[in-house]
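Asker: What follows is a protein structure lacking sequence information:
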């Protein structure tokens, strides 16, 4: 092989490898671009709205009332119309029979155990009294199905065996409409419907011909299929796999809608009449009806028990008693304590000079003094003789006879000495009613005068002229 041929082969090999590398790089780039494009597209998907409706527990009073009805096992029968009966009129008379459950409507609460009657797939109507006739009028020609089940006062259905019954009849002729297959599971929509004034709102339904979950799941090779219910509220869906009442909250004010669908174990709808139902209901908060008060917990068990027991008497609320007015004697205001300053003893009034001269003249004619009655024994006397002030006496010789005492002068000096007594004993308080009068002082003065007169009668006249007059003593009371 020549050198030229070998070089040509090498060049071709290099070109082929280059082309292969280019193709590989181009494929990776396109795949990367496609991935980025998908990622961008996924980012543009709008997020799902947040869940609004949620399940909550039943109100406490509902749970208490439910316990009072657990002993009931209602058995419902349809007496008219007969199964598969053909009527030659567009109206039908309904007759029912119920055993094991008293039906009544409490007059005060407007609720009680009842039957819920569904014609075809229309909203139900309630029956409280079996003695009253019920007639359905203006029926469409063709086949119709009547479904009836017992329910509690707040519309929870009894789910025991025999609480549900159905029958199919015909108006004028048979048709293929409103004819459920009795061999397939059947879903009967119950609540919500109508208008509600409070949350939570009851979601309830009746399920027939559906096997228990344990039986359906026992073997995968049998023909028994399992079931579940898809519930859609205002466009928001969730799946229910239990047959029991459900209480929901989070509804918007105004109109709301609910759709119930019966599905098999693969999530596919079970094809039977009435297995898919849609209802529109209204929610207006702050309702004042009995059901709204129950849901808000505004009624106690004692107040609501009458709806499950016809013999129960609701206790009347206690009326507040108005207090009776009582006559009370007027209370005199007690005097407030006040600090009073003891009244000073009034100064004794001076007796007229005539009375003193008369007393002196009477004493001069009488040698024996009359007994003196003490006016105020409680009057405090000076405790020490220091309170008696003695006047200075002249040093000149004094005769043995006592000096003559002038009654007028002594009365005036006794009057002038009264203030000195008050200043000498400022702490002594003398009651105003017991203050002695000047009569006591005048009596003491009169006694002194009588004693002086008696001494003067024994003395001689010469001693009176020769003696030097001395200053008379001052008497302080």
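Answerer: Perfect, I can see it now. This is a predicted model, so every value here is computed, not measured. Numbers count the residues shown, from 1 in each chain.
Asker: Which parts of this protein are helices?
Answerer: 3-43, 60-68, 213-216, 290-296, 301-304, 353-365, 407-416, 418-424, 438-458, 461-466 (DSSP state H).
Asker: weakest of these in terms of mean pLDDT?
Answerer: Of all the helices of the chain, mean pLDDT reaches its minimum on helix 418-424 (a mean of 42).
Asker: Spatially, what comes nearest to residue 247 if we skip its sequence neighbours?
Answerer: residue 200 (3.8 Å; C-beta to C-beta, 6 or more residues apart in numbering). In this view, the C-beta of every residue, glycine as well, is placed from N, C-alpha and C.
Asker: isn't residue 100 right up against residue 69?
Answerer: No: here residue 100 lies out of contact with residue 69, judged by C-beta atoms under 8 Å, at a distance of 11.2 Å.
Asker: Quick check: the gap between residue 108 and residue 304.
Answerer: 10 Å (C-beta to C-beta, to the nearest Å).
Asker: ditto for residue 157
Answerer: Relative to residue 304, and taking C-beta to C-beta, residue 157 is found at 19 Å.
Asker: One more: residue 176?
Answerer: 46 Å.
Asker: Looking at these two, which one has more neighbours?
Answerer: residue 304 (25 against 8; other C-beta atoms under 10 Å).
Asker: OK, contacts around the nearest residue to residue 152 once chain neighbours are set aside?
Answerer: In space, and not counting its chain neighbours, residue 152 is closest to residue 69: 5.7 Å by C-beta to C-beta, 6+ apart. Residue 69 makes contact with 113, 152, 308, according to C-beta atoms under 8 Å, 6 or more residues apart in numbering.
Asker: mind putting the residues you listed in CSV, distance to residue 124, pLDDT and neighbour count included?
Answerer: Compiled in CSV, those are given as follows (distance: C-beta to C-beta, whole Å; pLDDT from 0 to 100; neighbours: other C-beta atoms under 10 Å):
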residue, distance to residue 124, pLDDT, neighbour count
113, 15, 98, 24
152, 14, 98, 23
308, 20, 96, 24
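Asker: right, and out of those, which lies closest to residue 55?
Answerer: residue 152 (19.3 Å; C-beta to C-beta).
Asker: low pLDDT regions in the stretch 51-200 of the chain?
Answerer: 51 (pLDDT under 70).
Asker: let's see 90
Answerer: 51-52, 133, 182-183 (pLDDT under 90).
Asker: show me where it has strands.
Answerer: For the stretch 51-200 of the chain, strands defined by DSSP state E, counting those that start in this stretch occupy the ranges 54-56, 75-80, 86-87, 92-99, 114-119, 125-127, 134-136, 142-151, 164-171, 186-191, 194-196.
Asker: Let me have those in CSV, adding mean neighbour count and distance to residue 300 as columns.
Answerer: As requested, the strands of the stretch 51-200 of the chain are arranged in CSV below (neighbours: other C-beta atoms under 10 Å; distance: least, C-beta to C-beta, whole Å):
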stretch, mean neighbour count, distance to residue 300
strand 54-56, 12, 20
strand 75-80, 16, 31
strand 86-87, 15, 48
strand 92-99, 15, 29
strand 114-119, 21, 23
strand 125-127, 15, 25
strand 134-136, 14, 34
strand 142-151, 21, 23
strand 164-171, 19, 32
strand 186-191, 24, 24
strand 194-196, 16, 21
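Asker: Among those, which comes closest to residue 281?
Answerer: strand 194-196 (6.0 Å).
Asker: got the contact list for residue 300?
Answerer: residue 61.
Asker: For residue 313, see how far away it is.
Answerer: In terms of C-beta to C-beta, residue 300 sits 15 Å off from residue 313.
Asker: Residue 197 too?
Answerer: From residue 197 to residue 313 the distance is 27 Å (C-beta to C-beta).
Asker: more neighbours, those two?
Answerer: Under the criterion of other C-beta under 10 Å, the comparison of residue 197 against residue 313 puts residue 197 first, with 18 against 8.
Asker: Once you drop chain neighbours, what's closest to that one?
Answerer: residue 287 (1.3 Å).
Asker: next one: residue 84
Answerer: Using C-beta to C-beta, 6+ apart, the closest residue to residue 84 is residue 168 (6.2 Å).
Asker: Verify the contact between residue 170 and residue 84 for me.
Answerer: Yes: with contacts counted by C-beta under 8 Å, residue 170 reaches residue 84, the gap being 7.4 Å.
Asker: Mind putting the contacts of residue 69 into JSON lines with distance to residue 9?
Answerer: Shown next, in JSON lines, are the contacts of residue 69 (distance: C-beta to C-beta, whole Å):
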{"residue": "113", "distance to residue 9": "101"}
{"residue": "152", "distance to residue 9": "96"}
{"residue": "308", "distance to residue 9": "102"}
